[in-house]
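K.L.:
Everything below, folded, please.
(chains A and B)
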Amino acid sequence: MSSTLLEVRGIVKRFPGVLALNGVNFDLKEGEVHTLLGENGAGKTTLMNIIFGLYKADEGEILFRGKRVHIKSPYHALQLGIGMVQQHFTLVPSFTVTENVSLGTKDPPNKVAARVKEISEEFGLEVDPYAKIWQLSVGERQRVEIIKLLYAGAKVVILDEPTAVLTPQETEALFKAVRKMTAQGTGVIFISHKLNEVMEISDRVTVLRKGTVVGTLKRGEFDKNKLAQMMVGREVVMEIEREKAKPGDLVIKVDDVYAKSDKGHLALNGISFEIRAGEILGIAGVAGNGQRELAEVITGLRKVENGRVEFMGRDITNSSVIERILAGIAYIPQDRKGVALSPNLSVAENLFLRRKEKKIWFNKSVIYEHARRYIDEYKIKTPSPATAVKYLSGGNMQKVVIAREFSLEPRLIIAVHPTRGLDVASMEFVYRSLIKARDEGVAVLLLAGELYEIFNLSDRVGVIYEGKIVGYTTPDPSPENVEKIGLMMAGVAV
Amino acid sequence: MNIEGLIGASIRYGTPLLFATVGEIITERAGVLNLGLEGLMLMGAFTGFVTAYSTGSLWLAFFLAMVVGALFALIHAFMSITLKVNQVVSGLALTMLGSGLSGILGRAYVGRPAVMFQPVAIPGLADIPVVGPAFFKQDPLVYVGYVLTFFLAWFIFKTKAGLTLRAVGEEPAAADARGINVFWVRYLATLVGGALTAAGGAYLSLAATSMWMENMTAGRGWIAIALVIFAAWDPIKAMLGSYLFGFIMSLQFRLQATGEVHVSANLLLMLPYLVTLISMILFSLSENFRKRIGAPSALGVPYSREEKT
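P.N.:
Numbering: from 1, shown residues only, chains lettered A, B, ... in the order given. Presented below is the predicted three-dimensional model:
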């Protein structure tokens, strides 16, 4: 029996109006991977932030190697031997890997560089010690974060949704490194809501729901269905049943389109595809390969450098945003709080935005009546139509977006990461909405990073890499197909 | 008009800009934007003059100007780092406070002459033809400027403390996670920046002239803010930029004095601002360029541990 590294007991954390953690117990032993599983808003990150010294718990205690500790700051946590790779990396982009690792230490740079090399070889965390952070891929940056923790001698490593930004191959490499770390006695806390990965890597799983521990299970005691059930508290159909698509007329044709990113380099490199009425084209790819630019080119938010976009047989390459909305292009952007919704406006006002009416002013009661209809129809949980959208949960915000966009009676829906950050129940709602739209003859372009999302929804699957569709496949979740997609996502032609 | 005379004058006109610019570089490298340079320079010029007038000690005057500058910058540090108010507003308030306060307090001193720094030739170096008289027959504060610039360039880019400073301005969360006290570094950088800016002001009343005039900085604080960007947050480039602007200023005075060129004096006075404007436009045109030089990415953004997550 290996010894306990870390134990938290009876942790309570309140935020204004919310009880985020309600008496949580959790422990981590040497050399194990203990997964913290839960929906968004279940309190996983809050708990880890308390352990890492970013938040202070209102009640409860933390024991490190059996001794009671008060962790005052991330630095203090790291001194004790507790390190965390946060979802938002804390690296200085203009510094080299070595400079980032040496920050806050007194060690001379050449010694740091040598040790970085050692650690990266030992754990298979391949990275050039002299590369600047901004030159590195997201996966490489994550490796730098882990190296930073290992350099500081962390015995507890917390990984907060580390695979969200990785390709399947990078995830495999990360898991190998994790196994090497645990083999040396390091304890790893792995936060995720992706069941496949949880099944693969975990020695124990603790499920958190609404700030309370539902249960802790050992390897052998858990399976996918059981975990999913514990996570949401009720049976959830993980695979949405749907009929075969009946593609109709051509709705959108993107022909050899080139467009620049915000940074000025070509983000779309001659991309071409077609979608017909009543079908969902899922485009898989690692974030940053032109997905955002593609969505913006079709919605008219980004200029096309070269090429042609046709919608319902009409050239819309140079049409304005409003022309496209009126023609029937709906948009579910990735950025809910910025692009999709105006966070400080009320639910009613947000629902009313982008309506096709040409009146100049409206009676307030009209807006509220309109809102109530959609709040009922889409079961949006909000105290009132007058509540500012920013106080809604992520799932309900997305419902507001979907309600509004669907009310435009679109012919084409562009959905970018439509379930990112949502819990399982909201996810299911989004899936059902998109499939319903498809069955009603709408063409859907789905841009997503998560393969299960692509598999659950798509009728055809394309893979985007460096601004181009590198190949098509079927939405078949078999290991061979996943590997094929993974290789295409990583830029290896198949 | 001889060449060494022109270079020498450019350096003298450029030195107050240099002090203020490198001061602001330090402040901005830590992620704090201080638009109060004009007010800080005026307080420095005023404090320097009053001290020199009443004690006759130029070095004491220079030193006290820096102390007052640091104290003034403390207001901005408290407002923007601790209270996290809008840094633009706080900086502008500092400018108005500095010009108002120095104007009222200085009324009694207008027109009174005091002592000033005299040129000192550096033995050996001053004998080099052209370069010698231009660079090494200057007042001591010009030499302080030379040393300061090279010291700061070394400090920012070659030392561990410089790495810390830059990290705080680029990614404060990363610095915080490594045990660096973000607040302390930002306070220190703002205070040092304020002291150096005030030193630039003091140059005007202790070395360029030996008198006090209301608003005698005449917009140099604003030029310095533009110069920071022009210099890409690099002290060496700041030195070149400051002397270039010094050259434009001295040229403008010479053209006026010789009377050979019949241009309105007002138009000539516009020159430095025009160049600032043009250089800013050129800057914004090339986005790639801006990215590459690495403006501190957390510039003007207050750091708070809870809000980040």
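K.L.:
Low-confidence ranges, the chain, go.
P.N.:
Just going to use chain A. Within chain A, the stretches with pLDDT under 70 are A:1, A:16-17, A:40-41, A:232-239, A:263, A:354-359, A:490-494.
K.L.:
if you could check chain B rather than the one you did, that'd help
P.N.:
B:1, B:259-266, B:268-269, B:272, B:276, B:280, B:283-294, B:305-309.
K.L.:
now the strands for it?
P.N.:
Applying DSSP state E to chain B gives strands spanning B:120-121, B:137-138.
K.L.:
Which of those sits closest to chain A?
P.N.:
strand B:137-138 (35.4 Å; Cβ to the nearest Cβ). In this view, the C-beta of every residue, glycine as well, is placed from N, C-alpha and C.
K.L.:
quick one on the thing from earlier: most tightly surrounded among the strands of chain B?
P.N.:
Across the strands of chain B, averaging neighbours per residue (mean count of other Cβ atoms under 10 Å in any protein chain shown) puts strand B:137-138 on top, at a mean of 20.
K.L.:
Packing partners of that one?
P.N.:
Judged by 3 or more Cβ pairs under 8 Å, 6 or more residues apart in numbering or on different chains; DSSP states H and E, strand B:137-138 is in contact with helix B:3-29, strand B:120-121.
K.L.:
so can I have TSV of these showing distance to residue B:87?
P.N.:
Below are the helices and strands packed on strand B:137-138 laid out as TSV (distance: least, Cβ to Cβ, whole Å):
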stretch	distance to residue B:87
helix B:3-29	10
strand B:120-121	39
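K.L.:
Among the ones you listed, show me which one is buried the most.
P.N.:
helix B:3-29 (a mean of 25).
K.L.:
where's residue A:6, which helix or strand?
P.N.:
Residue A:6 is located in strand A:4-15, with elements delineated by DSSP states H and E.
K.L.:
next structured bit after that strand?
P.N.:
Next along the chain after strand A:4-15, with elements defined by DSSP H and E, is strand A:18-29.
K.L.:
Could you pull out the buried residues of that following strand?
P.N.:
A:20, A:21, A:22, A:24, A:26, A:27, A:28, A:29 (16 or more other Cβ atoms under 10 Å in any protein chain shown).
K.L.:
Stretch A:328-341 too?
P.N.:
A:328, A:329, A:330, A:331, A:332, A:333, A:334, A:336, A:339, A:340, A:341.
K.L.:
ditto for stretch A:216-236
P.N.:
Buried, per 16+ other Cβ under 10 Å, within stretch A:216-236: A:216, A:217, A:222, A:227, A:228, A:230, A:231, A:232.
K.L.:
mind listing what residue A:181 touches?
P.N.:
A:123, A:150, A:157, A:188 (Cβ atoms under 8 Å, 6 or more residues apart in numbering or on different chains).
K.L.:
Narrow these to those in strands?
P.N.:
Per DSSP E, the contacts of residue A:181 map to strands at A:157, A:188.
K.L.:
Kindly calculate the angle that the strand holding residue A:6 makes with strand A:18-29.
P.N.:
180 degrees (axes from the mean of the first three to the mean of the last three Cα atoms, to 10 degrees).
K.L.:
Remind me what strand A:4-15 packs against, helices and strands.
P.N.:
Using 3+ Cβ pairs under 8 Å, 6+ apart, strand A:4-15 sits against strand A:18-29, helix A:44-51, strand A:59-64.
K.L.:
Other residues contacting it?
P.N.:
So strand A:4-15 is in contact with A:19-30, A:43, A:46-47, A:50-51, A:55, A:57-66, A:82, A:155-156, A:187, A:211, going by Cβ under 8 Å, 6+ apart.
K.L.:
what residues does the stretch 51-200 of chain B put near chain A?
P.N.:
Within the stretch 51-200 of chain B, the residues that sit near chain A (Cβ under 8 Å from any Cβ of the partner chain) are B:160, B:163-164, B:166-167, B:170-171, B:173-180.
K.L.:
Buried by neighbour count, from these: which ones?
P.N.:
The buried subset of these - by 16+ other Cβ under 10 Å - is B:160, B:163-164, B:166-167, B:170-171, B:173-180.
K.L.:
Going by distance to chain B, which of the buried residues of strand A:18-29 wins?
P.N.:
So of these, ranked by how close each gets to chain B (Cβ to the nearest Cβ), first place is residue A:20, at 12.3 Å.
K.L.:
Spit out the contact partners of that closest one.
P.N.:
For residue A:20, the contact set (Cβ under 8 Å, 6+ apart) comprises A:13, A:14, A:43, A:46, A:211.
K.L.:
Neighbour-wise, give me the winner out of the residues you listed.
P.N.:
residue A:43 (26 neighbours; other Cβ atoms under 10 Å in any protein chain shown).
K.L.:
got the contact list for the residue nearest to that one when sequence neighbours are not counted?
P.N.:
Spatial nearest neighbour of residue A:43, chain neighbours left out: residue A:211 (4.4 Å); criterion: Cβ to Cβ, 6 or more residues apart in numbering or on different chains. Listed by Cβ under 8 Å, 6+ apart, the contact partners of residue A:211 are A:13, A:19, A:20, A:21, A:22, A:24, A:42, A:43, A:46.
K.L.:
now residue A:422
P.N.:
Contacts of residue A:422 (Cβ under 8 Å, 6+ apart): A:40, A:394, A:395, A:398, A:430.
K.L.:
Report the backbone C-alpha coordinates of the host helix or strand of the third one in PDB.
P.N.:
Translated: residue A:395. If you go by DSSP H and E, residue A:395 is part of helix A:394-406. Extracted in PDB, the C-alpha atoms of helix A:394-406 (Å, rounded to 0.1, in the frame of the first residue of the first chain):
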ATOM      1  CA  GLY A 394     -23.100  28.000 -20.300                       C
ATOM      2  CA  GLY A 395     -25.800  25.500 -21.400                       C
ATOM      3  CA  ASN A 396     -28.600  28.100 -21.100                       C
ATOM      4  CA  MET A 397     -26.600  30.700 -22.900                       C
ATOM      5  CA  GLN A 398     -26.200  28.300 -25.700                       C
ATOM      6  CA  LYS A 399     -29.900  27.700 -25.700                       C
ATOM      7  CA  VAL A 400     -30.500  31.400 -26.100                       C
ATOM      8  CA  VAL A 401     -28.100  31.400 -29.100                       C
ATOM      9  CA  ILE A 402     -29.800  28.400 -30.600                       C
ATOM     10  CA  ALA A 403     -33.300  29.700 -30.000                       C
ATOM     11  CA  ARG A 404     -32.400  33.000 -31.700                       C
ATOM     12  CA  GLU A 405     -30.500  31.500 -34.700                       C
ATOM     13  CA  PHE A 406     -33.200  28.900 -35.300                       C
END
